[in-house]
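# Structural data only, the sequence is not supplied:
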DNA sequence: CAATCAATGAAGCCTTGGCTACATTGCCCT
DNA sequence: AGGGCAATGTAGCCAAGGCTTCATTGATTG
């Protein structure tokens, strides 16, 4: 019986699987926020615009939108624009607010704004509500 | 020479593609750091231990190690433990230091330590050297 | 009013990172 | 020495998220 490692290590697998889980939602979050932006800007989100802004080929965007629809975050009809459901819009708002708070925090601790934007794009998806609340509290000081 | 990019929006696709790029290395970074830990602890890293600590099935770890070897970060012989190359060890050190600094920063701005660990696991891969330097400077204040 | 062309959709391929099921190997222990 | 069991390896499946290529649709404009 190798009973040598009981203490702290137990939570490691959970940390990793949590991170993997978060990552699975990251792409969806990016799409939802972008669609929200485009709707605000043009009244609808076109596949071509989504693909262009995300820097991917248009079939990639089409597939992602299909997944969004499957998960109840967006609706669309063939050859028409994409629109968010209420759930999608709510998610978009949350994601956008989190993004801004994270960028603000990074800048507040001394990260140059352009770098903050770049780094935040990947980091934001992993910021928990708890951390976000701490960020807000810190920024208000 | 390309002129300067107009204002700000032009860089959106680059931000996303940068984040996707970083993400592609994230799993490799996790494996390398973990192998480094196991080598320090047991003198070698066994596939079973890697898989267990990461919370994945062992063939998943085997495949990842194969990629590590392909990229020159690790070496191994069939049915024996896995070892890091110099490049792999250097990467592990960098990743570990970055992780610690990020956790420290999160705690410093008020995030509870357990939450900081959890969130950092996913965020760390997106922290640039520039941001890291800013974190260190902030922590020394 | 029709033709052209841009935008969308569909099909099919690749890699990654999960998984399960099964085949091998090696090591420990009787 | 040999058996059995744990550890590794192998094969093959799946979904996601990229891609290219080709077909279809619709909207603009001559």
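It's in. Since this is a predicted model, take the numbers as computed values, not measurements.

# Please make it C-alpha for all contacts and neighbour counts, starting now.
OK.

# And the residue most central in space within chain A, which helix or strand is it part of?
Closest residue to the average C-alpha location of chain A: residue A:29 at 3.6 Å, with Cα atoms, centre = their mean. Counting by DSSP states H and E, the element that carries residue A:29 is helix A:12-42.

# Please look at residue A:124 and residue A:98 and confirm they touch.
Yes. Between residue A:124 and residue A:98 a contact is recorded at 6.8 Å, counting by Cα atoms under 8 Å.

# so, in contact with chain B or not, the helix holding residue A:29?
Yes. Counting by Cα under 8 Å from any Cα of the partner chain, chain B is contacted by helix A:12-42 at A:12, A:13, A:14, A:15, A:16, A:17, A:18, A:19, A:20, A:22, A:23.

# would CSV of those residues with distance to DNA strand C and pLDDT be doable?
Listed next are those as CSV, based on distance: Cα to the nearest atom of the strand, whole Å; pLDDT from 0 to 100:
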residue, distance to DNA strand C, pLDDT
A:12, 13, 87
A:13, 10, 91
A:14, 11, 92
A:15, 12, 94
A:16, 8, 96
A:17, 7, 96
A:18, 10, 96
A:19, 9, 96
A:20, 6, 96
A:22, 11, 96
A:23, 9, 96
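
# so how far is residue A:118 from residue A:111?
Separation of residue A:111 from residue A:118 (Cα to Cα, to the nearest Å) stands at 11 Å.

# Phi and psi next, for residue A:84.
In terms of degrees, to the nearest 10, the main-chain angles of residue A:84 are phi -90, psi 150.

# For residue A:62, which residues are in contact?
Counting by Cα atoms under 8 Å, 6 or more residues apart in numbering or on different chains, residue A:62 touches residue A:47.

# should've said residue A:18
Residues near residue A:18 by Cα under 8 Å, 6+ apart: residue B:118.

# Distance check, it against DNA strand D.
In this structure, residue A:18 and DNA strand D are 15 Å apart, going by Cα to the nearest atom of the strand, to the nearest Å.

# Check residue A:119 too.
Per Cα to the nearest atom of the strand, residue A:119 is found 16 Å from DNA strand D.

# Need the pLDDT of that residue.
We have a pLDDT of 97 for residue A:119.

# go on, residue A:11?
Predicted confidence (pLDDT) for residue A:11: 78.

# for it, what are its contacts?
Per Cα under 8 Å, 6+ apart, neighbours of residue A:11: none.
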